[in-house]
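predicted model and sequence below, questions to follow.
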Amino acid sequence: MSNFKTSLHNENTFYPQFINDLNECKSEVIIESPFITTKRMKTLFPVLNRLNNRGVKVFIITRDPKEHKSEFEDQSETEIEAFEDVGIQVFLSNSNHHRKLAIIDRRVLWEGSLNILSQTKSKEIMRRLDGGGFARDMFNFLNFKKYIY
């Protein structure tokens with residue numbers, strides 16, 4: 001493996017570093033988050049929309065809203081529609097989708113327990129891996145090339 005950097009983050013340190021990574025993104029962001037809430041999207045939607053407007057491909061993979069309880073179903077539907085309205089591609093997963101990760105420019109991999117598009121109060125951990133081929137390995141392992149070119 002080539003040189004890489006790794007760091008651990010909790011629910012307090014994750015978002016500042018993640019948003020910094022998003023702001024530095026050049027070509028593609030893939031986010032897998034089972035849940036999407038309106039409260040979290042108040043912070044993230046403007047950043048993702050700016051990327052989209054810059055020509056960065058943004059892909060969201062999330063649980064089908066029909067698999068949520070009613071309050072979360074409505075929030076998820078609303079936020080998915082907002083993504084689609086601006087041209088951000090959303091893939092709906094079923095079968096109890098639960099992975100939490102992000103791949104930025106196929107170079108930075110975030111993985112752990114934090115629901116990126118919904119986290120508010122829970123204690124979580126995320127690992128950031130920059131370089132070393134980890135992001136590309138995850139992309140290939142999850143067979144994203146079937147959907148994302």
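That came through fine. If you're wondering where the values come from, they're calculated on a predicted model, not measured in any experiment.

for this protein, which segments count as strands?
Under the criterion DSSP state E, the chain contains strands at 4-10, 28-32, 57-63, 89-93, 101-104, 108-112, 125-131.

for the helix-or-strand element of the chain with minimal mean pLDDT, buried residues please.
When each helix and strand of the chain is scored by mean pLDDT, DSSP states H and E, helix 70-85 comes last, with a mean of 92. In terms of neighbour count (16 or more other CB atoms under 10 Å), helix 70-85 has its buried residues at F72, Q75, S76, E79, I80, A82, F83. Glycine gets a C-beta too; all of them are placed from N, C-alpha and C.

also stretch 105-114?
By 16+ other CB under 10 Å, the buried positions in stretch 105-114 come out as R106, R107, V108, L109, W110, E111, G112, L114.

which among those residues gets closest to Y149?
Comparing the buried residues of stretch 105-114 against Y149 with CB to CB places R106 closest, at 11.9 Å.

tell me the contacts of the closest one?
R106 makes contacts with E28, A135, R136, F139, as judged by CB atoms under 8 Å, 6 or more residues apart in numbering.

still on that earlier bit, make a markdown table out of the buried residues of stretch 105-114 and add pLDDT.
What follows is the buried residues of stretch 105-114, written out as a markdown table (pLDDT from 0 to 100):
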| residue | pLDDT |
| --- | --- |
| R106 | 98 |
| R107 | 98 |
| V108 | 98 |
| L109 | 98 |
| W110 | 98 |
| E111 | 98 |
| G112 | 98 |
| L114 | 97 |
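
adding distance to T120, write those out as a markdown table.
Converted to a markdown table, the buried residues of stretch 105-114 look like this (distance: CB to CB, whole Å):
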| residue | distance to T120 |
| --- | --- |
| R106 | 29 |
| R107 | 28 |
| V108 | 24 |
| L109 | 23 |
| W110 | 18 |
| E111 | 20 |
| G112 | 16 |
| L114 | 11 |
